[in-house]
Structures are given as structure tokens and as C-alpha cells.
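Chemist: pasting the sequence and the predicted coordinates here, then a few questions.
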Amino acid sequence: MERFIGKFLNYLDVEKNYSEHTIRNYRSDLKEFHSFLDKKDPKQITHLDLRKFLAELRQNNCAKRTIVRKLSTIRSFFKFLSREKYLESDPSRSLFTPKLDKYLPEFLDTEKTLKLITAPSLDNVLGIRDRALLEVLYSTGMRVSELVGLNVDDIDLISGAVKVRGKGKKERMALLGRESQNAVRTYFKKQNRGSGAVFLNSRGGRITDRSVRRIIDKYVKQCSIENKISPHSIRHSFATHLLNNGADLRSVQELLGHKNLSTTQIYTHLGSKRLREMYQKAHPRA
């Protein structure tokens, strides 16, 4: 089984060009699956074995979204084995996918967002760094993994363009607004660096995802914001504010780096308040 998993993960890396984070998740899911089946050979695995594994996940109160992800991993694995002729048939083909509940992502209104971004003190280097970090997150809508992966060479402060390495190692261009350009420029002057990682920790190394989360938690508490806010919430706020102010869905899709428009459409639900206000003003019988 380990040999087949290794071949599959190599296929995801070399041919599909998946990110390290995604491959790590696939490896973790398959390791758990392999352990549950007591290291059974893939040729011996049946549809019933897969059903038992899913039942075990439910009994352990695994979240429905997590179950769907693990099921997707298993399906991709067996589809690969079948296509490469390691298996004669795919035992996962007839598995039923649980229907996910629709949810609206957490986001901040414009006032709270600006309050959060301007919270860091500019009296020290770390405060200046935090201000630049928050400005870039909100100005570009990038994921936290994309933020920590930024290098100085990726940013053009003259044109306000940023090269972002997104999911699946795909690159896209993001935009920096005037305020975020100024914040980054001030940070660079304090750090006095010409290359390497954009955002550094207190020891001079590249900042981590976890550190960014801690920074945001710090300023959320400082601003007494009651919403449950994460770095991704700032990304949600970015998309919501753009759509609420007239941006078209396709443009927001490009800026977010979404592969499918359907992923971006979740944010149209968040603009219902603006639509209601427009309806009340425009419809004769409203």
C-alpha cells in the first residue's frame, strides 16, 4: 500500500503540480485510511471496506466537511490506481457523497476592518510590520499561506502589483492600494532589506501561518471585535466589500485566484443587504 500511496503522491506533485500543503493533506488522509484497513493491499479492498471506514468517521463525530474531503482523497487515489492499471475496478465509484450544508463565511464590515488594520502601533518595527501585513492581506485578499510565502522581489511598489503563488503552484497578479503601498514602503525602510521574505518574525526568519493568526488574534482582542476572525475572514471581507461596491464577479474571481466561479458566488449572498436597499429605492411598489 505504501508503494501505491508514494506513486500517487508523486503524481500529484509532478503531474498535477499540487502545493505541498495539499499533498500533505492527501498523505495524512491516506495514512489514516491505510491504518484503518490494517494495511490491506489495495487489490483486496472492496466497496464494503470503504463503507466501514466512512461509518467509523461518523461514529467518531468527524465533521461532514472533513468526511467529504477524505472521501474525495480516497476517490482520487483509486481513480489513479485504476487509470494506471494497478486495479481492474474502482471500489470507490459507487460511494455516496454526503451533502454539505451551505454556510456563509465570517467577515467584517468596512468600519471594523479599518479599525483592525489601523490598530498596530507604529512606534516600533513589529508594529510597523503588523500594519503592513494587515494592509496587504486586506488590499489583495490573498490567503495566509500566500502572504507568508511572499518575497521582496514579488512586490512592485511603483505599479502596486504583487506576484502571488496560489494553490497548485499557480501564479496570479494581485493589487496593492495606496495605503498598503505606503505601509510596505515604511516597513521596508525600517527593515532595510533588498531581498528574501517580505514578512519576518522577531528573530529575522520568515513569518509562519501560525504567527499571522496570533497577530490577528492580538489586534481583534485589542479592538474588542466580537466576531470570530481569522486571516481568511479578512479575505472574505475583501471579496464582500468589492462586490458591495459594484465590482463584477469575474474580476473578484481573478483577484481571489478561484478556479471556478461557483466558489466566488458564495459572496453574492453576503451582498443581500445592499440588494435590499437598492430594491427599496428603485422599485415603485417596494
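Modeler: Good, I have the coordinates. Numbering: from 1, shown residues only.

Chemist: got the contact list for stretch 149-166?
Modeler: Here stretch 149-166 makes contact (Cβ atoms under 8 Å, 6 or more residues apart in numbering) with 136, 140, 142-143, 146, 171-178, 181, 184-185, 188, 193-199, 257. (C-beta placed from N, C-alpha, C; glycine too.)

Chemist: what comes up buried for it?
Modeler: 149-150, 154-155, 160, 162, 164-166 (16 or more other Cβ atoms under 10 Å).

Chemist: relative to Ile266, which of these is nearest.
Modeler: Closest to Ile266 out of the buried residues of stretch 149-166 is Gly166 (17.7 Å), distances taken as Cβ to Cβ.

Chemist: measure the closest one to Arg143 for me?
Modeler: Gly166 sits 7 Å away from Arg143, taking Cβ to Cβ, to the nearest Å as the criterion.

Chemist: now do Ile225
Modeler: 21 Å.

Chemist: more crowded one of these two?
Modeler: The neighbour count for Ile225 versus Arg143, taken as other Cβ atoms under 10 Å, is higher for Arg143 (20 against 17).

Chemist: before we move on, back to that, want to throw the buried residues of stretch 149-166 into JSON lines with pLDDT?
Modeler: Formatted as JSON lines, the buried residues of stretch 149-166 follow (pLDDT from 0 to 100):
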{"residue": "Gly149", "pLDDT": "91"}
{"residue": "Leu150", "pLDDT": "93"}
{"residue": "Asp154", "pLDDT": "93"}
{"residue": "Ile155", "pLDDT": "93"}
{"residue": "Gly160", "pLDDT": "91"}
{"residue": "Val162", "pLDDT": "93"}
{"residue": "Val164", "pLDDT": "90"}
{"residue": "Arg165", "pLDDT": "86"}
{"residue": "Gly166", "pLDDT": "78"}
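
Chemist: strands - which of the residues you listed land there?
Modeler: The strands, defined by DSSP state E, take in 155, 162, 164-165 from the buried residues of stretch 149-166.

Chemist: name the nearest of the residues you listed relative to Glu56.
Modeler: If you rank these by distance to Glu56 using Cβ to Cβ, Arg165 comes first, at 36.5 Å.

Chemist: for beta bridges, what are the partners of the closest one?
Modeler: Residues in a beta bridge with Arg165, per DSSP bridges, are Glu171.

Chemist: quick one: it and Tyr187, what's the gap?
Modeler: Remark: distance between Arg165 and Tyr187 (Cβ to Cβ) = 20 Å.

Chemist: please identify which of the ones in strands among the buried residues of stretch 149-166 is nearest to Pro120.
Modeler: Closest approach between those and Pro120, by Cβ to Cβ: Ile155, at 19.2 Å.

Chemist: where does pLDDT dip in this structure?
Modeler: Regions of the chain meeting the criterion pLDDT under 70 cover residues 100-105, 168, 193-195, 268-278, 286.

Chemist: helix or strand for Met173, which one?
Modeler: strand 171-175 (DSSP states H and E).

Chemist: what does that strand contact?
Modeler: With Cβ under 8 Å, 6+ apart as the contact definition, strand 171-175 has outside contacts at 139-142, 160-166, 254-255, 257.
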